[in-house]
Structure formats: C-alpha cells, structure tokens
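K.L.:
What follows is a protein structure lacking sequence information:
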C-alpha cells in the first residue's frame, strides 16, 4: 500500500521546493535569472522574491523567470501575473504547476496563452517523502529568446 503525504492535498503548506534535477534541466534550456516566488531556503536562482518581497507586487520585466507558486488559492494570482508579465511587458516566465485543466486559472491564463509540457509521472518535491498525488506541468509564457 502506498502512503501519500496528506499535506499535499491541502493548502497548509505552500513552499514545496522544486526538485533540483527538474529545475537544472529547465535552467540549462532557459537560463533563469529570477525565482519569483521563493523562500531563502528553497530559492533556485541567486535573485529571488520571498513572501516579504511579494513577487506579485514586483516587476519581472527584463528577467527570465522561474515560478513554482503556492498551489493553494493563490495560484490564480500567480498564473495571472505570469500571463500579464509575458503578454504586456514582453517578459519570459516558466512555471511548475499542478495539471489542473478544469480550473478557471488554467483556461484563462495557461490554455491557449502559453506552451504546456505535461510531465510524465509525478513530481517528488524536495523534502517530501513521497511523490505528489497529482500530475504536473511546465508552462512557458513568452518568447524564450533561445539563449542567454
């Protein structure tokens, strides 16, 4: 019998860290300069925004952004911000998101607005004992620029 971490089903914990192997694979393709929603402990880039420096309130212009947002109710605001930064300010954002294709935020800010890469298998976040109980996707907003 597989035991699944019940914390992954709730929004009690919002800071599940991106697995380094997944991040490094994407970083080698996209060369990120900013982690837009991190903590000091889980930041993937040298430059990052924390809850006290709210990434939703900052400009991402001119950055190549990595985003692994909180997966609770806040996810709508983060996907909207990624969409707006890429569409209106010619920004570039890559996000690791739950593949929740039935949600408002998916249809408003992802589907038809960004490139979607569904991940095979389930992500095992840093510090988690088990893999997530949901599928994940990598979403790419904006023109990657293909290079540094």
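P.N.:
Happy to help now that I have it. What you see is a predicted model; the values in this text were computed from it and never measured.
K.L.:
what's the following helix or strand after the helix or strand where residue 95 lies?
P.N.:
Using DSSP states H and E, residue 95 sits within strand 92-98. In the C-terminal direction, the helix or strand that comes right after strand 92-98 (DSSP H and E) is helix 104-109.
K.L.:
to the chain's geometric centre, what's the distance from that following helix?
P.N.:
Taking the mean of its C-alpha atoms, helix 104-109 sits 15 Å from the chain's own mean (Cα atoms, centre = their mean, to the nearest Å).
K.L.:
Lowest-scoring secondary structure element of this protein by mean pLDDT?
P.N.:
Between all helices and strands in the chain, the lowest mean by mean pLDDT, DSSP states H and E belongs to helix 75-88, at a mean of 94.
K.L.:
Next, the angle strand 92-98 makes with it.
P.N.:
160 degrees (axes from the mean of the first three to the mean of the last three Cα atoms, to 10 degrees).
K.L.:
quick one on the thing from earlier: for the strand holding residue 95, the averaged confidence score.
P.N.:
The pLDDT scores in strand 92-98 average 96.
K.L.:
Look up how far residue 16 lies from the closest residue to residue 38 other than its chain neighbours.
P.N.:
Nearest residue to residue 38 in three dimensions, chain neighbours excluded: residue 48, at 4.2 Å (Cβ to Cβ, 6 or more residues apart in numbering). Backbone N, C-alpha and C define where each C-beta goes, glycine included. In this view, residue 48 and residue 16 are 16 Å apart by Cβ to Cβ, to the nearest Å.
K.L.:
so who does residue 66 touch?
P.N.:
Residues touching residue 66, when contacts are defined by Cβ atoms under 8 Å, 6 or more residues apart in numbering, comprise 18, 23, 26, 27, 32, 34, 35, 36, 44, 45, 94, 95.
K.L.:
these two touch, right, the fifth one and residue 46?
P.N.:
What it means is residue 32. No: under the criterion of Cβ atoms under 8 Å, residue 32 lies out of contact with residue 46, with a separation of 9.8 Å.
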